[in-house]
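Novice: what's the 3D shape of this:
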Amino acid sequence: MPLLSLRKVRYVLPVAIATTLLSLPMVSPALAQEQLTRTVTVTGRGIENIPTTISQVRLGVEVQGRTAEEVQQEAAQRTNAVVELLRSRNVDKLTTTGIYLSPQYNFENGTQELVGYTASNTVSFEISTEQAGDILDASVNAGATRIDGISFTAEEEAIATAQNQALREATQEAQEQADVVLGALGLTRDEVVNIQVNGAVPPMPPIPYGRAASEAVALSDAPTPVVGGEQQVEASVTLQISY
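Specialist: Numbering: from 1, shown residues only. The predicted structure follows:
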């Protein structure tokens, strides 16, 4: 009998140990994940306003006449005079933006009659906003017949400086938001676990000048006033902060 009892113990003991191990409490994976990801997500914004010191100008020459050769030659002569003037004023980024020649028809009684041609050449350039009014007047006097528009921007260095400052402000605001929310709950922030940076410099809307405006410049002795205003530089930062 003793020998039989010993054999039973040998067989029962491993089973008992295995049963004991299986009965130990297990931590829920969902609970463990929740404990590892106690975070709050906040977004801060920073805005800087800087003066627009650069004017981006678009102007050109438009000519109408009886023949295509006639209007094209006159448009080319006037455009060359305008371009020479702009080069003498040391404008930046002088670029030809369009060359057009199109026939003009008169429609009457269901028929069309060729009455002439229209040619236009347009250029764009940049100049300091302080000099923009004088450049517009001089360009019209040199032969320009249309001013298609002006838009304003700040210098690249000023934009970069303002963007950095806006990012600092956005980061500070995001942290302050986290402190307010967690403080109201009796909690404190620990560390930043994720950062998302979004920066943007929205363009200034162009100010249109039609053909009538350019004709008014040519007929008036008063200089054309050009006021640039300010450009808004905005940045946003999203922080995920543990607590």
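Novice: neighbours of Gln77, how many?
Specialist: Per other Cβ atoms under 10 Å, the neighbour tally for Gln77 reads 13. All C-beta atoms are positioned from the backbone trio N, CA, C, and that covers glycine.
Novice: and Val115, by the same measure?
Specialist: Burial of Val115, expressed as a neighbour count using other Cβ under 10 Å, amounts to 11.
Novice: how about the nearest residue to Asn121, chain neighbours excluded?
Specialist: Taking Cβ to Cβ, 6 or more residues apart in numbering as the measure, Asn121 lies nearest to Thr79, with 4.2 Å between them; neighbours along the chain are not counted.
Novice: same thing with Gln165?
Specialist: With Cβ to Cβ, 6+ apart as the measure, Glu48 is the residue that lies nearest to Gln165, at 5.4 Å, once sequence neighbours are left out.
Novice: do Glu230 as well
Specialist: In space, not counting the residues next to it along the chain, Glu230 is nearest to Asn49; the distance is 4.6 Å by Cβ to Cβ, 6+ apart.
Novice: measure the residue nearest to Gln165 to Ser55 for me?
Specialist: Glu48 sits at a distance of 21 Å from Ser55 (criterion: Cβ to Cβ, to the nearest Å).
Novice: likewise for Thr224?
Specialist: Remark: distance between Thr224 and Ser55 (Cβ to Cβ) = 11 Å.
Novice: show me what the longest helix seen in the chain is packed up against.
Specialist: For the chain, the helix that runs over the most residues, judged by DSSP state H, is helix 156-184. Based on contacts counted as 3 or more Cβ pairs under 8 Å, 6 or more residues apart in numbering; DSSP states H and E, the elements that helix 156-184 packs against are strand 39-51, strand 192-200, strand 230-242.
Novice: JSON lines for those strands, including mean neighbour count and mean pLDDT?
Specialist: JSON lines is the format used below for these (neighbours: other Cβ atoms under 10 Å; pLDDT from 0 to 100):
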{"stretch": "strand 39-51", "mean neighbour count": "17", "mean pLDDT": "95"}
{"stretch": "strand 192-200", "mean neighbour count": "12", "mean pLDDT": "87"}
{"stretch": "strand 230-242", "mean neighbour count": "19", "mean pLDDT": "94"}
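Novice: helix, strand or coil: sort out Gly186 for me.
Specialist: With DSSP: H, G, I helix; E, B strand; the rest coil as the basis, the three-state label of Gly186 is coil.
Novice: next: the one 3 residues further on.
Specialist: The three-state assignment at Arg189 reads coil, by three-state DSSP.
Novice: lowest-confidence helix or strand of this structure?
Specialist: helix 2-22 (a mean of 45; mean pLDDT, DSSP states H and E).
Novice: quick one: low-confidence parts of the chain?
Specialist: 1-36, 199-222 (pLDDT under 70).
Novice: and the residue nearest to Gln165, what does it touch?
Specialist: Taking Cβ atoms under 8 Å, 6 or more residues apart in numbering as the contact definition, Glu48 lies against Ala162, Gln163, Gln165, Ala166, Glu169, Gln232, Val233, Glu234.
Novice: ok, Glu234 to Gln56 distance?
Specialist: Using Cβ to Cβ, one gets 20 Å for the distance from Glu234 to Gln56.
Novice: hmm, I typed the wrong one, I wanted Gly65.
Specialist: The spacing between Gly65 and Gln56, counted by Cβ to Cβ, is 31 Å.
Novice: those two: which has the busier surroundings?
Specialist: Summary of the neighbour comparison: Gly65 and Gln56, criterion other Cβ under 10 Å, with Gln56 having more neighbours (21 against 17).
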